[in-house]
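Show me the folded form of this:
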Amino acid sequence: MRSSVLSLSTLLMLLIAVPPRAGAEEHPPRPVVGLVLSGGGARGAAHAGVLEVLEELRIPIDYIAGTSMGAVVGGLYACGMSPGEIETTLRAVDWDDVFDDRRPRRHLPFRRKRVDQAALFDFEFGLGRNGFELPGGLVTGQKLSYLLEALTLRSAGAANFDELPIPFRAVATDIGTGERVVLWKDSLAEAMRASMAVPGAFTPVERDGMTLVDGGLVCNLPVDLVQSKGADIIIAVDVPPQTDASQENASAATILVHSLYFLMDENVQQQRELLGPADVLVVPDLGDMTSVDFRAVSSAIDAGQEGARLATDELARLSVSEDDYEIFLERQRRSTAQLLGDAVVERIQISGVTRADPRIIAGVIRTEAGAPLRLDVLREDLDRIYELGDFEHVGFRLIPAGDTQTLLVNVKEKSWGPHLIKVGLSSEADFKGKSEFTVLTDLLTVRVNPHGGEWRTSLRFGAENRISSELYQPLDFSGLFFVSPRIGFNQRRFEVFTDGSFDDEYHVGVLEGGMDAGIQLRNYGEIRGGFFLGRRRAAPRRGSSVQDSTIGGYSASFTIDQLDNLSFPRSGVFAGLGGRFFSRNFGSEVSYDKASISACTAVSRGDHALAAVVRGGTSLGSVPPIYEQFELGGFLSLSGYERGQFLGPYFAFGEFIYHYRFLRLPRPFGTGIYAGASLEAGNVWEDAGAVAVDDLRYASSVFIGADTLLGPLYLGLGLAEGGVWSAYISLGMSVVQN
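Predicted coordinates:
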């Protein structure tokens, strides 16, 4: 995904490098032409094709008003982009990525990656004074906002939209009053973003005390706006959504868009009735293309060109001479290079911070004061700030001042924070009567102090009952060094097998506290070490030999995590090494050691991927209690056998997992649906001298899996030596264990 980021940044740099044109003149004596571009989601890409034909016919535009996608295309043209640049941009953008606020996983801070193994759903809500609070939409629009801000850099310095090369207006809806809001000043990118904030899909935009959403709800074709500016002739382009929501297999998103369109239809008809006999209405034939099908923007652009050419006879009367049109182009074309030239970023300002310390934000910014702006570096800066976890939006604005410019980094802290809640579900069943089910809740309070401390409390109920609380406290604003006190209680059931058959069951409860210190290696990994003290009680179901003892010791771990996905990995590496050492020097009544290692690497080509996983563990010559020994068995851990069927103080395991993505899911609902298979080998041993390759057990599996908003879901069939088999259904499982 990093390559897509670089490609987008390269594209943006090419777009802003248009040679400047000098000079500007008043309109020649001709009819004043206003352009109106409707909303329509992905179908609105047709507007770019219409603009291409208008330029072919040499039709100058004096005013533009747009709604939603019409505001995006119209705003780009108004601030100086050519139709060709707009088309190139719309065709090149990875829309799936733009509508997914998540960065590629390997770029996330390591603290965020640790949450992946907890089987939590991929959305959060807040807990505040007014109770539970939800985000304003599935997508905050972080990547979309950056794209719009980067594309509209050429509007920097304009006090209002009348100062753009072509005066422009965008339409939004104040969700608080239901009234139309005409946006005409401040940030052009923010105006576009507000105009296309579909309720429930995108979070609203807060501006001037109003909560703004998609303008199509109240005025999807703002003809009256350009009429009020004095336009003699209006060219209106309407790209309404495809209206047959009853079509077979219509998606929920499609049905939502259709429902919204029926609400807008009345205001569209009212605006159409304002058109006079001299005005031109262009309605491109977009067929069955839906408003959410952004993969078809190229087809929409082509349809826009065709629709405009069908109206050539009506449009041609608005053509001007080549000389007159050259005058218009000198006024309309504007490049960022023309406005900013080689001006350097003299200073960097951070605004919008109330809970976080600005020094933490400044610590992740790589853009340097005193150097020219680099969009690729700036995008990485904004992404790093966003992934700190405190903000629902991070944007920027450039404020030119002569030969210098100020970079203003705007952050908006999560309105549903700082107490953030995630819930989840972990379950596994083998269709032989054995199943486990655990409900998970995770409460995170961010920025508990100026250095960025985080307090996380986790609850687990079901097959495992646990409550734990940890304070993660950075020691400086860089976040490199940290300390982490913790306390928790864990209660679980541990089954013991003898010769492959169930023998006994322990109920193990542990109350434990400790303190760690370590180094966080940015997004790469973590080094951690510390001590622990506690009390453990283990009661077997059979007999009365309850083991109740004080425990204590020290622990250490080293983790590198650069995988793109823990459940369906396609690229990257993971490596973890750790140990817990129970020592009488810490007051422990038992003395033994446990150390383990795990690693995973993955490669992919197209929709095919292959992952290699290895795990191993040793007791270093000691004898841990049976309920503390290593386990093997279960889906993708010697598939075919029961979970935990093999126990021992030493173990080794390895597998190859192949998966093929045969269906992509729309983001942010997931990555796809997969078919896969595994080849597995491993065993457990009672002592180090018994470890041998010729003593391995072999197994395999086939499965169907889905990586969804609710976590990874598997339906699999495992087969082991001797014809042993099991069928599995699993939710929340990771192929990487640490």
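
Tell me the spacing between residue 562 and residue 389.
Distance, residue 562 to residue 389, by CB to CB, to the nearest Å: 19 Å. All C-beta atoms are positioned from the backbone trio N, CA, C, and that covers glycine.

Going by neighbour count, list what's buried in the strand or helix carrying residue 201.
Residue 201 is part of strand 200-202 when elements are defined by DSSP states H and E. If you call a residue buried by 16 or more other CB atoms under 10 Å, then strand 200-202 has these buried ones: 201, 202.

Moving along the chain from that strand, name the first helix or strand you hit.
Remark: after strand 200-202, the chain's next helix or strand is strand 205-207, criterion DSSP H and E.

give me the low-pLDDT residue ranges for the protein?
The model of the chain has pLDDT under 70 over residues 1-28, 242-263, 336-343, 500, 543-544, 738.

Strand partners (parallel or antiparallel) of the strand ranked longest in it?
Counting residues, the longest strand in the chain under DSSP state E turns out to be strand 501-521. Strand 501-521 pairs in its sheet with strand 481-498 (antiparallel), strand 525-540 (antiparallel), by DSSP bridges.

correct me, but residue 345 touches residue 370?
Yes: using CB atoms under 8 Å, residue 345 makes contact with residue 370 at a distance of 7.2 Å.

higher neighbour count, the two?
More crowded of residue 345 and residue 370, by other CB atoms under 10 Å: residue 345, with 19 against 9.

The more buried one belongs to a helix?
No: counting by DSSP: H, G, I helix; E, B strand; the rest coil, one finds residue 345 to be strand, located in no helix.

Please name the residues that touch the closest residue to it other than its chain neighbours.
What sits nearest to residue 345 in space, not counting adjacent residues and going by CB to CB, 6 or more residues apart in numbering, is residue 407, at 4.8 Å. Contact analysis of residue 407 by CB atoms under 8 Å, 6 or more residues apart in numbering lists 345, 347, 348, 349, 367, 373, 378, 396, 397, 398.

same thing but at 7 Å, please
Contacts here follow CB atoms under 7 Å, 6 or more residues apart in numbering; on that basis residue 407 touches 345, 348, 367, 373, 396, 398.

which ones among those residues are found in strands?
Those of these lying in strands (DSSP E): 345, 348, 396, 398.

Could you tell me the phi and psi values at the most centrally placed residue in the chain?
Centroid check for the chain by CA atoms, centre = their mean gives residue 102 as the closest residue, at 1.8 Å. For residue 102, the backbone dihedrals are phi -70, psi 140 (criterion: degrees, to the nearest 10).

same question, residue 151
phi -70, psi -20.

Return the distance of it relative to residue 213.
Separation of residue 151 from residue 213 (CB to CB): 22 Å.

CSV please, covering the contacts of residue 407 and showing distance to residue 134.
Shown next, in CSV, are the contacts of residue 407 (distance: CB to CB, whole Å):
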residue, distance to residue 134
345, 37
348, 33
367, 33
373, 36
396, 27
398, 33
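
which of those residues has the most neighbours?
That'd be residue 396 among the contacts of residue 407, by other CB under 10 Å, with 23 neighbours.

which residue packs closest to it, ignoring adjacent ones?
In space, and not counting its chain neighbours, residue 396 is closest to residue 409: 5.4 Å by CB to CB, 6+ apart.

nearest to residue 115, of the ones in strands among the contacts of residue 407?
Within those, the smallest distance to residue 115 is 27.6 Å, found for residue 396 (CB to CB).

If I follow the layout properly, the closest one ends up in contact with residue 408?
Yes: Residue 396 is in contact with residue 408 according to CB atoms under 7 Å; the separation is 6.4 Å.

Please export the C-alpha coordinates of the helix or strand hosting residue 393 as CSV.
Taking DSSP H and E as the definition, one finds residue 393 inside strand 391-401. Output of strand 391-401 as CSV, limited to C-alpha atoms (Å, rounded to 0.1, in the frame of the first residue of the first chain):
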residue,chain,number,x,y,z
PHE,A,391,-8.3,12.4,16.4
GLU,A,392,-11.2,11.9,14.0
HIS,A,393,-9.6,14.2,11.5
VAL,A,394,-6.2,15.7,10.7
GLY,A,395,-5.9,18.2,7.9
PHE,A,396,-3.8,21.0,6.7
ARG,A,397,-3.9,24.4,5.1
LEU,A,398,-1.2,26.6,3.5
ILE,A,399,-1.2,30.3,4.2
PRO,A,400,1.0,32.1,1.7
ALA,A,401,2.7,35.3,2.7
